[in-house]
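Asks: Using only what follows, build the 3D model:
(one chain, ligands or ions: 1)
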Amino acid sequence: MSASSKLIERGERSERVERILTVENLKTYFRTPEGLVKAVDEVSFHLDRGEVLALVGESGCGKSVTALSILGLVKSPPALVEGSIEFRGTQLIGLGPKEYREIRGRQISMIFQEPMSAFDPLYTVGYQLMEVARAHMPWDDAEAKARIIDTLRAIHIPDPEKRYSEYPHEMSGGMLQRIMIAMALITSPEIIIADEPTTALDVTIQAQVLNLMQELQRDYHGSMIFITHDLGTVAEVADRVHVMYAGKIVEKAPVVELFEDPLHPYTLGLLTSRVKREYKGESLPFIEGNVPRADELPEGCRFHPRCPRAMDKCRTLEPPEFSPRPNRGVACWLWEEGDGR
Ligand code: SF4
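Replies: Numbers count the residues shown, from 1 in each chain. Model (predicted):
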């Protein structure tokens, strides 16, 4: 989809916005013998019906822990989950296990990164899909099977009746990833959280799965949180992007604007290194240095040890989020007074 058509689509969508998820000041900390690990630290964002929000960043920046916190899958204790996660008027933090099960899998479902490890090798995929239907939907087995096969057909699984009776080891990684997408769709959830859904697949299959996800997004009008380290996939699927670094969101932008006008030095670094890698055809690190460990976060701006524009105050004071343009957010001191160029 071209940049302009994405903008037009966003404009149309803005007339019928319905907010379904609001996350405010989410903190997910783990107590470890080495100290307090701040995996997610005061993260705030929202998701509207029908949109795809991408959470982007290097490995270890807190994207997956954010997703697990929304799903209530971070065990507490020893994890500490604080703040607010409101899903269609229901506060999820503090919800009991029974109430959470009503929401997780039924109204919010997840597509994991590793299709091979998400399925039990001892049971057919049909049995495992049926288990999801039995747990969440009021259908009898005959109706559930018919709906499962319809879902498999809708995501272009060839010969779905035959696939239904097969075991996970009889399928390729790409096919299993599609089956996992079907599993997430069976209950017609309000939100799908896709955590690096194409990372474990080879490049050609990645493209097919991404195309499928775009098609589903178009047809089924659900909302999606798309977690990835790959800015290329973000351009394909997302409406808005939040860039995460060391447990914080450092930049928020509509997808087209992020690519055309990145504000945070980290985002700029991610974009530049991506272009360089494509140009040179080699695997370069994203940006010099590494994401700091969550139990060894630097004072001030967490990006300052890697930032080419770091100033004295960056080493001691953590930047708040500034909003230098409409619909934009950037946690960087350069934007404290207007233009940070
Ligand atoms: Fe760089 Fe300072 Fe901005 Fe952090 S606050 S990204 S160190 S300029």
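Asks: Okay, and the residue nearest to T32 when sequence neighbours are not counted sits in which element?
Replies: Excluding the flanking residues, the one nearest T32 by C-beta to C-beta, 6 or more residues apart in numbering is D295, at 6.6 Å. C-beta here means a position set from N, CA and C on the backbone, and glycine is covered the same way. Secondary-structure assignment from DSSP states H and E places D295 in no helical or strand segment.
Asks: isn't D295 right next to V37, touching?
Replies: Yes - with contact defined as C-beta atoms under 8 Å, D295 reaches V37; the gap is 4.6 Å.
Asks: Between these two, point out the one with more neighbours.
Replies: V37 (19 against 15; other C-beta atoms under 10 Å).
Asks: For that one, give me the pLDDT.
Replies: V37 is assigned 90 on the pLDDT scale.
Asks: before we move on, what about L216?
Replies: 75.
Asks: tally of neighbours for it?
Replies: 18.
Asks: Look at it and give its secondary structure.
Replies: With DSSP: H, G, I helix; E, B strand; the rest coil as the basis, L216 sits in helix.
Asks: Make residue 1 into 347 and carry on from there
Replies: Fine by me, first position is 347 from now on; the one you just mentioned is L562.
Asks: And the contacts of stretch 410-430?
Replies: 367-378, 385-386, 388-389, 401, 431, 433, 437-439, 441, 446, 449-450, 454, 456, 539, 541-542, 571, 573, 590 (C-beta atoms under 8 Å, 6 or more residues apart in numbering).
Asks: One more pass at 7 Å, please.
Replies: If you take C-beta atoms under 7 Å, 6 or more residues apart in numbering as the criterion, stretch 410-430 is touched by 370-377, 385-386, 389, 401, 431, 437-439, 441, 446, 450, 454, 456, 539, 541, 571, 573.
Asks: The ligand contacts on this structure?
Replies: Within the chain, the positions adjacent to the ligand are 611, 647, 649-650, 653, 655-657, 660, 665, 678-680 by C-beta under 6 Å from any ligand atom.
Asks: Of these, which is the nearest to M529?
Replies: Taking C-beta to C-beta as the measure, M529 lies nearest F649 of the residues of the chain next to the ligand, at 37.2 Å.
Asks: I'd guessed that closest one sits against Y591; true?
Replies: Yes - taking contacts as C-beta atoms under 7 Å, F649 lies within contact range of Y591: 5.7 Å.
Asks: For the ligand, see how far away E603 is.
Replies: Going from E603 to the ligand by C-beta to the nearest ligand atom, to the nearest Å gives 18 Å.
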